[in-house]
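Q: output the structure for:
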Amino acid sequence: MNIAIVGTGYVGLVSGTCFAEMGADVTCVDVNQEKIDSLLKGIVPIYEPGLDEMVKRNVTACRLHFTTDLKSCLDSVEVVFSAVGTPPDEDGSADLQYVLAVAREFGANINKYTVLVTKSTVPVGTAMKVKAAVQEELDRRSEKIEFDVASNPEFLKEGAAISDFMTPDRVVVGTESERAQKIMSRLYKPFMLSGERMIFTDIPSAEMIKYAANSMLATRISFMNDIANLCEKVGADVNMVRKGIGSDTRIGKKFLYPGCGYGGSCFPKDVKALIKTAEKSGYDMKVLRAVEEVNERQKSILFDKLAQHYAGNLKGKTVTLWGLAFKPETDDMREAPALVLIDRLAVAGCTVKVYDPIAMQECRRRIGDKVIYCYDMYEAALDSDALLLVTEWKQFRLPSWAVLKKTMNTPLVIDGRNIYDRKDLLEMGFAYMCIGK
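A: Residues are numbered from 1 along each chain as shown. The predicted structure is shown next:
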């Protein structure tokens, strides 16, 4: 089966590569010539475990191709996926200019029945705009070519995107046509051999499912952060609370871990976009507004704890950050708590030393030399007045506390992900602070 995917960002590249891995002939299209040239050389522009090898393998097998010219492959494909960016506008709503540009190019160049599938996260009602844009181009050409539009939102976790795509817990497809449904069923059939997990809906419902899913997960995180902050004030232990409520099957254990706030490309953007969608429909999403407010406040909690420890006197202190990415197994720093923390530390007059296994280059691209970049976790902690764990990379889980005790100016650990044992650190002579205890 031949398909095209427009957009070689995180979603487009992972999706295209995984479809190729299952035997489809995939052409990935992007307007960025430099990015396409790099991909043709086997250079992958994003970090995702296992993606480099899979891209190279499928390029070698001639199942994965890269081009800047969508028109050149339209006559040979049955499905075109639109996986371009939908960045937030100034008011928080999703910017659809790239989605509609793909629709117009599709309409201007198709010569046979083809399905245009939106894989980008878009507000409810976008499919109607896409359909209208395609039809407008066909009318301009005076052509009567049949086509269908569909919505196929992605549910990929950064750091586990390949396994999520290859063994999905569900595949949601919104469509108006039985013909398009059959094509999408055939495309996803290789991923369903262990059990049928396709959910077909109307298009508006498919568009809403993505936003609702991410907003629910964001809500759970902010709720637990709120509970954790209250636990500190009343003398409860949030880890015990988490276990207690997580054992209720109606609640479950996932996404109940408190921390220093969520970030990334999805949750912040999608919560804002859903709030804005509701506003345009005359409805106020009060719960999501609170979710957003709690999360923004939580991004400063490690700074607040540090300031509390030093009674507000932070000028001249050297502070170490372990972790920069918004989560492990990615270099993504979009909306990362580390960025807020670095800003507040700099304003307070601190020297900031950082180490992240993957995201150092991305951090330098974003903020330049605002911090001191270190080549390993122990160099970062040398002569430090505080060690702040921001991202729970595996290599941070069992550090040599003896080395840290000898090399830090002040043995203070502020654990933003609750991965260390308070009793152990206190016995070794560290001051220790975490979230919710």
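Q: let me know the pLDDT of the closest residue to I358 other than its chain neighbours.
A: Spatial nearest neighbour of I358, excluding adjacent residues (CB to CB, 6 or more residues apart in numbering): D331 at 4.5 Å. In this view, the C-beta of every residue, glycine as well, is placed from N, C-alpha and C. Predicted confidence (pLDDT) for D331: 94.
Q: OK, contacts around D331?
A: 46-47, 325, 358-359, 361-362 (CB atoms under 8 Å, 6 or more residues apart in numbering).
Q: which element is it on?
A: Using DSSP states H and E, D331 sits in no helix or strand.
Q: gap between it and G316?
A: 31 Å (CB to CB, to the nearest Å).
Q: likewise D343?
A: Distance from D343 to G316, by CB to CB: 18 Å.
Q: so where's the chain uncertain?
A: Applying pLDDT under 70 to the chain picks out no residues at all.
Q: same question for the longest helix seen in it: list its buried residues.
A: Longest helix in the chain, counting residues (DSSP state H): helix 203-234. Buried positions in helix 203-234, judged by neighbour count with 16 or more other CB atoms under 10 Å: 203-204, 206-211, 213-215, 217-229, 231-232.
Q: and the angle from the helix or strand following that helix to helix 203-234?
A: Going down the chain from helix 203-234, the next helix or strand is helix 238-246, by DSSP H and E. Here helix 238-246 runs at an angle of 140 degrees relative to helix 203-234 (axes from the mean of the first three to the mean of the last three CA atoms, to 10 degrees).
Q: in helix 238-246, what's buried?
A: Buried-residue list, helix 238-246, by 16+ other CB under 10 Å: 238-239, 241-242, 246.
Q: what's the first helix or strand after it?
A: Counting by DSSP H and E, the element after helix 238-246 in chain order, helix or strand, is helix 267-280.
Q: export that next one to PDB, keeping only CA atoms.
A: Presented in PDB, the C-alpha positions along helix 267-280 are these (Å, rounded to 0.1, in the frame of the first residue of the first chain):
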ATOM      1  CA  PHE A 267      -0.400  18.800  27.200                       C
ATOM      2  CA  PRO A 268       0.200  22.500  27.500                       C
ATOM      3  CA  LYS A 269      -0.800  23.300  23.900                       C
ATOM      4  CA  ASP A 270      -3.800  21.000  23.900                       C
ATOM      5  CA  VAL A 271      -5.200  22.200  27.200                       C
ATOM      6  CA  LYS A 272      -5.000  25.800  26.000                       C
ATOM      7  CA  ALA A 273      -6.600  24.900  22.600                       C
ATOM      8  CA  LEU A 274      -9.500  23.000  24.200                       C
ATOM      9  CA  ILE A 275     -10.100  26.000  26.500                       C
ATOM     10  CA  LYS A 276     -10.100  28.300  23.500                       C
ATOM     11  CA  THR A 277     -12.400  25.900  21.500                       C
ATOM     12  CA  ALA A 278     -14.900  26.000  24.400                       C
ATOM     13  CA  GLU A 279     -14.700  29.800  24.500                       C
ATOM     14  CA  LYS A 280     -15.600  30.100  20.800                       C
END
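Q: for that helix, packing partners?
A: helix 203-234, helix 286-298 (3 or more CB pairs under 8 Å, 6 or more residues apart in numbering; DSSP states H and E).
Q: closest to P87 out of those?
A: Counting by CB to CB, P87 lies closest to helix 203-234 out of those; the figure is 15.4 Å.
Q: would you mind getting the angle between that closest one and helix 267-280?
A: Angle, helix 203-234 to helix 267-280, by the same axes, to 10 degrees: 120 degrees.
Q: contacting residues around stretch 235-254?
A: 220, 224, 227-228, 230-231, 256-258, 418, 435-437.
Q: that older thread, show me which of the contacts of D331 are buried.
A: If we count by 16+ other CB under 10 Å, the contacts of D331 have these buried: 46-47, 325, 358-359, 362.
Q: need these in a markdown table with secondary structure and distance to F191, can you?
A: Converted to a markdown table, those look like this (DSSP: H, G, I helix; E, B strand; the rest coil; distance: CB to CB, whole Å):
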| residue | secondary structure | distance to F191 |
| --- | --- | --- |
| I46 | coil | 22 |
| Y47 | coil | 24 |
| A325 | coil | 28 |
| I358 | coil | 28 |
| A359 | coil | 30 |
| E362 | helix | 31 |
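Q: could I get those as CSV with distance to V55?
A: Shown next, in CSV, are the buried ones among the contacts of D331 (distance: CB to CB, whole Å):
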residue, distance to V55
I46, 10
Y47, 12
A325, 21
I358, 17
A359, 21
E362, 19
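Q: which one among the residues you listed gets closest to L116?
A: I46 (24.4 Å).
Q: phi, psi for that closest one please.
A: I46 has phi and psi values of phi -130, psi 160 when expressed as degrees, to the nearest 10.
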